[in-house]
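Engineer: got a sequence here, can you build the structure:
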Amino acid sequence: MPEKFNELYEFVQTQSPRISRALLVPKIKEITGEDFVTQMFGFDINLLRGFFLSAAIPNPHWRVVQVGGDKHVILIARGMTYCWTRFVQVKEMMHLFDSEVEKTSTGSEVEDLLTELAGPANPAKISRYHESEYKAMWMALAVLCPEKERAVYARKREAGMSDFDIADELKIPEQFISSLLGDKYKDIIQEILDK
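Structural biologist: Next up, the predicted model:
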């Protein structure tokens with residue numbers, strides 16, 4: 001489904017500067033042909049802010065999977081700010097565009113990913129699941145800030161606008177502004193679009 005992300009990317013380029021989840025959710029469902037539910041969950045946000053559970057994961061004993069029925073489930077940690085909740089939900093929705101190789105589709109793969117995310121970073125051993133998380137973050141940034149708006153904010157930042165103020169206007173966490181407005185952004189997004 002990676003090519004379907006291009007369709008979403010092109011769609012958001014034609015939308016107003018502030019991209020709402022109310023706009024994205026039905027469009028993502030339409031493009032992917034997949035359905036999902038979002039639930040708030042009691043995660044420790046220092047460890048985990050959100051999680052995507054594929055409907056393909058055979059674990060009928062998890063209450064959250066039962067609630068989802070035959071739909072994918074996006075779990076979002078309670079207690080986050082609006083900006084964090086918004087960003088995390090959109091990032092988790094980006095997993096609907098994962099290729100078959102990138103998907104975490106079994107209980108053991110989920111455990112492996114959680115162990116890898118919780119452990120110390122080892123750049124030499126980043127798994128395909130971790131790469132999928134990294135890619136989803138960039139995709140979420142691209143969807144939440146159309147390119148023409150990104151260019152406007154890059155100029156505003158050069159003119160002295162603070163990262164905090166940019167984040168506040170875009171309604172995304174401040175820590176992502178350097179990635180969004182950084183030199184590598186366009187190359188990374190183009191690489192994702194070219195796959």
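Engineer: where in this protein is the helix or strand with the lowest mean pLDDT?
Structural biologist: helix 107-118 (a mean of 54; mean pLDDT, DSSP states H and E).
Engineer: where in the protein is pLDDT low?
Structural biologist: Within the chain, the stretches with pLDDT under 70 are 1-2, 56-69, 100-130.
Engineer: ok, longest helix in it?
Structural biologist: For the chain, the helix that runs over the most residues, judged by DSSP state H, is helix 128-144.
Engineer: list the helices and strands that helix packs on?
Structural biologist: For helix 128-144, the packing partners by 3 or more Cβ pairs under 8 Å, 6 or more residues apart in numbering; DSSP states H and E come out as helix 2-13, helix 82-93, helix 107-118, helix 177-180, helix 185-194. (Each C-beta comes from the backbone N, C-alpha and C, glycine too.)
Engineer: for those helices, could you give me TSV that also reports distance to Asp168 and mean neighbour count?
Structural biologist: Formatted as TSV, the helices and strands packed on helix 128-144 follow (distance: least, Cβ to Cβ, whole Å; neighbours: other Cβ atoms under 10 Å):
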stretch	distance to Asp168	mean neighbour count
helix 2-13	20	16
helix 82-93	8	21
helix 107-118	28	14
helix 177-180	10	17
helix 185-194	20	14
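Engineer: can I get these in JSON lines including distance to Leu141?
Structural biologist: Formatted as JSON lines, these follow (distance: least, Cβ to Cβ, whole Å):
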{"stretch": "helix 2-13", "distance to Leu141": "11"}
{"stretch": "helix 82-93", "distance to Leu141": "8"}
{"stretch": "helix 107-118", "distance to Leu141": "19"}
{"stretch": "helix 177-180", "distance to Leu141": "5"}
{"stretch": "helix 185-194", "distance to Leu141": "8"}
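Engineer: those helices: which one's closest to Leu48?
Structural biologist: helix 107-118 (7.5 Å; Cβ to Cβ).
Engineer: still on that earlier bit, for Lys148, which of the helices and strands packed on helix 128-144 is the nearest?
Structural biologist: Of all the helices and strands packed on helix 128-144, helix 2-13 sits nearest to Lys148, with 7.3 Å by Cβ to Cβ.
Engineer: which secondary structure elements does the closest one contact?
Structural biologist: Helix 2-13 sits against helix 21-32, helix 128-144, helix 185-194, with contacts defined as 3+ Cβ pairs under 8 Å, 6+ apart.
Engineer: let's see 6 Å
Structural biologist: helix 21-32 (3 or more Cβ pairs under 6 Å, 6 or more residues apart in numbering; DSSP states H and E).
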